[in-house]
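> coordinates for the following, if possible.
(chains A and B)
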Protein chains: 2
Amino acid sequence: MQDISQDPTAQLIADLKHAKLLDSVMILLDWDQQVNLPEGSTDWRAKQMEAMAPICHTAATLPRIGQNLDVLDKKGDAATVEEKVLRSRVRRDYDRQVKLPEAFVKEKALLDSQAFHAWTKARQTKNFTRFEPFLEKQLQMVKQRAKLLGATDAYDEALDTHDPGMTAKRVEALFNDLKRELIPLAQKILSSPIKAKQGLIRGIPVPLQMEFLKEVTSALGFDYSHGRVDVSTHPFSTGNRFDSRITTRFEEENPIASLFSSIHETGHSLYEQGLPEEWIGTPLGEAVGMGIHESQSRLWENQVARSRAFWKYWEPRIRAKFSPRLDGVSSEELYLAINGVSQTLIRCDSDEVTYNLHVVLRFEIERRLFSGELKVKDIPAAWSKLSGELLGRIPANDAEGCLQDIHWSNGAFGYFPSYCIGNMIASQLWYAAHKALPGLEEDFAKGEYGRLLGWLRTNIHAKGRRLDTEDLVREVTGEGISPKYLIKYLGERYLPLYVK
Amino acid sequence: MQDISQDPTAQLIADLKHAKLLDSVMILLDWDQQVNLPEGSTDWRAKQMEAMAPICHTAATLPRIGQNLDVLDKKGDAATVEEKVLRSRVRRDYDRQVKLPEAFVKEKALLDSQAFHAWTKARQTKNFTRFEPFLEKQLQMVKQRAKLLGATDAYDEALDTHDPGMTAKRVEALFNDLKRELIPLAQKILSSPIKAKQGLIRGIPVPLQMEFLKEVTSALGFDYSHGRVDVSTHPFSTGNRFDSRITTRFEEENPIASLFSSIHETGHSLYEQGLPEEWIGTPLGEAVGMGIHESQSRLWENQVARSRAFWKYWEPRIRAKFSPRLDGVSSEELYLAINGVSQTLIRCDSDEVTYNLHVVLRFEIERRLFSGELKVKDIPAAWSKLSGELLGRIPANDAEGCLQDIHWSNGAFGYFPSYCIGNMIASQLWYAAHKALPGLEEDFAKGEYGRLLGWLRTNIHAKGRRLDTEDLVREVTGEGISPKYLIKYLGERYLPLYVK
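Next comes the predicted model:
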C-alpha cells in the first residue's frame, strides 16, 4: 500500500473517504429501517444509530483533516484546481462539523430514529398529537444546531443545509414570481371540462408492476448491477454509485403512481451514479445539494417520462405487460391519465402543475415555525387553512395533511423548497438540453436516453460539488434560477391537453 | 441518565453492551450482504466492513473494560453470582481481543467479505480454483490468530472458538464412538427396499411456501414482531431478540427443504430470543457456543418437526395450503418423504441419519489441513475420496463438493463439528425433556410447543453463557455429551419406518 502520510492532499482525501464510508454504514441502517425493520425492533435500531453517530462524527472531525486543510491553504495559487475545490468545500463542512459537540450528534441520531417511528405510527393512526413532541424536539434541535454553527438565521441555515447558497429571502422571491403565473395557469387547467379518467388502469398485480418499472428504469440507465429497488412507506433513493438503492410503494389500483415514483427516484440515482468515481467521498464526487438533486429526479419523472415521445415507445409495452387491462383504453385517454391534473391533498400523488403549490404550503409553514409565528401544536390548523387557499381542498385528517411527509420526522426543515427549485431548474435544463441536442424527442420515441443522460453527466454530474446550486445553473444555462422556464414548460405541455 | 462512572460493574456492562451494539451493525452489514447486496457492490461492502472492524475492535478492547475487570477480580468472593460469571467470561474474551492487533482485525474483515464473494462466484461456476487463494489466506489467518492468542494448537483453538472447551481430541473420540454405531445403522436404513418417493410435492409457488413456513415458525414461537425471514444462497439465522432474522432458499420442486431449513433457523432464533433481555450484550445474555446453538436448531428441525405427532397437526394444514398438489399422496407417503434417508452429496439437503457423516468428512479435512497433512489445493481430491468412503457418492463437481458450504469462506474452521455435537446434544435434551414433561408428543399433536420451549428457556436459554458446552449438558441431563442418545433416537425413529 502506498504511504500517503507525507502527502497532505492524498491523506486528506483518504480521511474524507473514510468518514463517508462510515456515513454509508449509517445510511444503510436508515435504508434498512425504512425497508426491512420489524415493527418491534425500532428501539434497537435507534440505539444502533445513536452508537454510530459519534463514530461518524469523530471521523468527520479528525484533527488531521483540519491540519491538512491548513497545508492546502498555504499552497495558495499553487494548488491544483481540485485542491482548490477541496479546500474551500471541505473547510466549510469541517468547520461546521467541528462546532457540533458529540453529545448533540448522538442525541440527534437517537431522535431521528425515534421520531421516524413515532411519525410512522402517528401517520397510521392519523393522529398528529402522537408525533407532536418529537416534531417539537426536532425543531428545537435544528434551531440549536444553527446556534452552534453561529448562523444568524436558523431557517436560512436549514435551507442552506439542503441547498448551498439558498436563503429564505431568495426562495420567497422565486416562489412569489412563480405563484403569480402558476396560480392562474393551474386555475385554467383545473377548470377545463377535459379531465383525466380516474382509475383507468386497475388491478395490476404488484410483481407485474415491479417487472415493468424495472424495465423502464433500466432503459433510463439505472445500474441494477450496483443497485436495487424495494418497497417502503415513503419512496426514496439512497446510496452512491457503488450501491444505489431506490424504493417505491405499490397500489394495485394505481400502477402509474409507483411507476412515476420509481422514475423519480431513478433520476436521483442517475445523478449519484454519474458522480466521478475516483472522487466519491469527497466534495468533487458529491451532489451539489437537494435543488440540483430534485432537478434530476423531476426532469426524468416529468419532462421526460410524461412526454408524448416517451409514451410513443412505452405505450405498446405497457399494453402488452398489463394485458388485457388496457384493452379498452385509447392512447389519448392513457396519455391524459399520465398527465392528469387535479386538486389533490397528497403531494406525492399530485400532478406537476399543482405540485409546486404543495411546496409553497410547506415553505409557508416552515417559515412561520422558525419565526415563532406558528407553534408546532397549531400546525394541523395552519395546514388546513393553507391547503384550502392554495390547493382548494382541506384534509379530512392529519395523515392527509401535515403527517403525509417523512421529512420533518428527521428534522429536514428547509428541504421542501428544493423540490420546487428542482422543478424550476429541471425546466431550465430541459430547454438548455433541447438547444444543445437537436432531435431529443426522437431519441425518446425510440426508447433511447443516452444523449440526454450524457449531457447531464457532462454538465451536471461530472462537476460534483464544485459550484453552489445557483452558480451551477448559471454555468450550464447562462442565467440564474428562474421560474419562467417552468411556467413555459407547463404551459406548453398542459394547455394543448386541457385548453383546446 | 444515571451516572455509572462510579460503579465498575455497571460501567463494565455498559461498555460491553456498547461493543456488542457496534458488532450488531457489522452483523447487519453481513446480513444485507447475503440477502440484498447487488452483485457489483461487493467491493464497496468489503470496504465498509473493513472500516467497521477496527471500530468494533476498539470498543471491545477499551482499556476501561480491563480496569473494571481488575476491580471485579479484587472483589473476590464478595462478588455477586453475575459478577463472577462476567469477570471470568469477559476476561477470557477481552484478553483474547486485546492480543489481536487492529491491522489483523481489519485485514480479516476485508478478507471475510472478499472471500465470501469469491466463494459465491466459485460456487456458481463450480470452480474451486477461483476460491483457492482466498481459502489459503483464511487458513493462514486462522493459524496466525491462534499464534497471536498464544494457543498451542491452532485447530483446538478454532474448535474452542465455536464451542468453548472443545478440543480435537474430544471431538475425535465422540465421532469415533458415533461412527461405530451410526455407519451400520445408516447402512441398514439405506439398504431397505422401502424408499421415500422423490419429488412427491412439486410445483408449489414460492409465495405459498412462504406463507406456510411463516405459519409453522410462528406456531413454534418465532417472534415476527422482532424478526423477519428472507431469502439467501445459504440459509442462516442472525441478530438477537431485538431484531432476529432468518433466511431460507426456495425450490418450487422441493418445498419440504425450505420448510425444514426455516424451522432449523427458527430453532437458532428461539435460542437468541430466549436469552435474558436485560443481559443482552454481556456473557449472561449470550449463547454458549455453536454446539448448544445447533442443538436448539436441530432439536426443532428434527426431533420435533419430523415427528409423527408434529405432522398429525400440520398434515391437514399443508394439504389445504398446497391444495390440490397433495391430493394423491397418502399420509404415510408424506411422512416418509419428510423422513427420507438417502445418499446425498449436499449436507444441507441430507437426512438426519447421514448428516453426521457429512460432518465427519469436514472434520477429517479440517484436521488434516491444520496438521499440514493436506494442502488447500488438494481439498477437492481429498473431499471426493472421503465422500466415496463415508457417503457412498462422489461429487461431479466442486459445487457439489467442497464449495457447497459457506463456512470456510469466512474462515469458520472448527464450526462443522458443532453440527454433529449439536445433534448429539439435541437427542440428549430430547430424552431429558420427555422425562421432565410427560405427554409432550400430545402437545405437538395439538400444535402446541409452549411447554417444550419453556423447558428450553429455563434449562438452556436463561443461563446465557454461564457454563461451557459440556458443563451445561451435564447440568441439564446429568451426564456429559454422549453419542448414545443420538443413536437411540435415530434407531427409534427410523428403524420402524425402514426396517419392518
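
> might one say that residue A:135 is in contact with residue A:115?
Yes - the criterion here is Cβ atoms under 8 Å, and residue A:135 meets it with residue A:115 at 7.3 Å. From N, CA and C alone the C-beta is placed, and that goes for glycine too.

> so what sits against both of these two?
residue A:409 (Cβ atoms under 8 Å, 6 or more residues apart in numbering or on different chains).

> the residue in the stretch 51-200 of chain A positioned nearest to chain B: neighbour count?
Residue nearest to chain B within the stretch 51-200 of chain A: residue A:51 (4.7 Å; Cβ to the nearest Cβ). Neighbourhood size, residue A:51 [other Cβ atoms under 10 Å in any protein chain shown]: 22.

> now residue A:433. Nearest residue, chain neighbours left out?
Leaving aside its chain neighbours, residue A:433 sits nearest to residue A:455 (5.4 Å; criterion: Cβ to Cβ, 6 or more residues apart in numbering or on different chains).

> one more: residue A:402?
Residue A:402 sits nearest to residue A:383 (Cβ to Cβ, 6+ apart), 4.4 Å away.

> could I get the pLDDT score of that neighbour?
Residue A:383 is assigned 98 on the pLDDT scale.

> cool, and residue A:12?
Per the predicted model, pLDDT is 97 at residue A:12.

> hmm, the residue nearest to residue A:433 is touching residue A:437, no?
Yes - the criterion here is Cβ under 8 Å, and residue A:455 meets it with residue A:437 at 5.9 Å.

> compare those two (neighbour count), which wins?
The neighbour comparison of residue A:455 against residue A:437 (other Cβ under 10 Å) goes to residue A:455, with 18 against 14.

> so what's the more buried one up against?
A:433, A:436, A:437.

> next: residue A:461.
Counting by Cβ under 8 Å, 6+ apart, residue A:461 has contacts A:270, A:271, A:274, A:275, A:276.

> closest one of these to chain B?
Among the contacts of residue A:461, and counting by Cβ to the nearest Cβ, the member closest to chain B is residue A:275, at 13.9 Å.

> name the nearest residue to that closest one, sequence neighbours excluded.
residue A:285 (4.7 Å).

> against residue B:276, how distant is that neighbour?
47 Å (Cβ to Cβ, to the nearest Å).

> more neighbours: which of those two?
Of the pair residue A:285 and residue B:276, residue A:285 is the one with more neighbours under other Cβ under 10 Å, namely 22 against 16.

> that one contacts residue A:273, correct?
No - contact between residue A:285 and residue A:273 fails when scored by Cβ under 8 Å: they sit 11.4 Å apart.

> picking that back up, that's a helix at the residue nearest to residue A:402, yeah?
Yes - assessed by DSSP: H, G, I helix; E, B strand; the rest coil, residue A:383 belongs to a helix.

> got a list of what it touches?
A:361, A:365, A:395, A:401, A:402.

> right, and the third one touches residue A:385 too?
Read it as residue A:395. No - in this structure residue A:395 lies outside contact range of residue A:385 using Cβ under 8 Å: 10.9 Å.

> for the helix or strand hosting residue A:181, give the mean pLDDT please.
In this assignment (DSSP states H and E), residue A:181 forms part of helix A:168-190. The average pLDDT within helix A:168-190 is 97.

> what about the residue most central in space within chain A, helix or strand, and which?
Central residue of chain A (Cα atoms, centre = their mean): residue A:294, 4.6 Å from the mean position. For residue A:294, the host element (DSSP H and E) is helix A:290-298.

> quick one: that helix to helix A:168-190, angle?
Calculated by axes from the mean of the first three to the mean of the last three Cα atoms, to 10 degrees, helix A:290-298 forms an angle of 20 degrees with helix A:168-190.

> not counting helix A:290-298 itself, show me its contacts.
A:162-163, A:166, A:237, A:264-268, A:270-271, A:287, A:352, A:415, A:418-419, A:421-426, A:429, A:456, A:460, A:469, A:472-473, A:481.

> buried stuff in the following helix or strand past it?
Scanning forward in sequence from helix A:290-298 by DSSP H and E, the next helix or strand is helix A:308-321. Of all the residues in helix A:308-321, those buried under the rule 16 or more other Cβ atoms under 10 Å in any protein chain shown are A:308, A:310, A:311, A:312, A:313, A:314, A:315, A:318, A:319, A:321.
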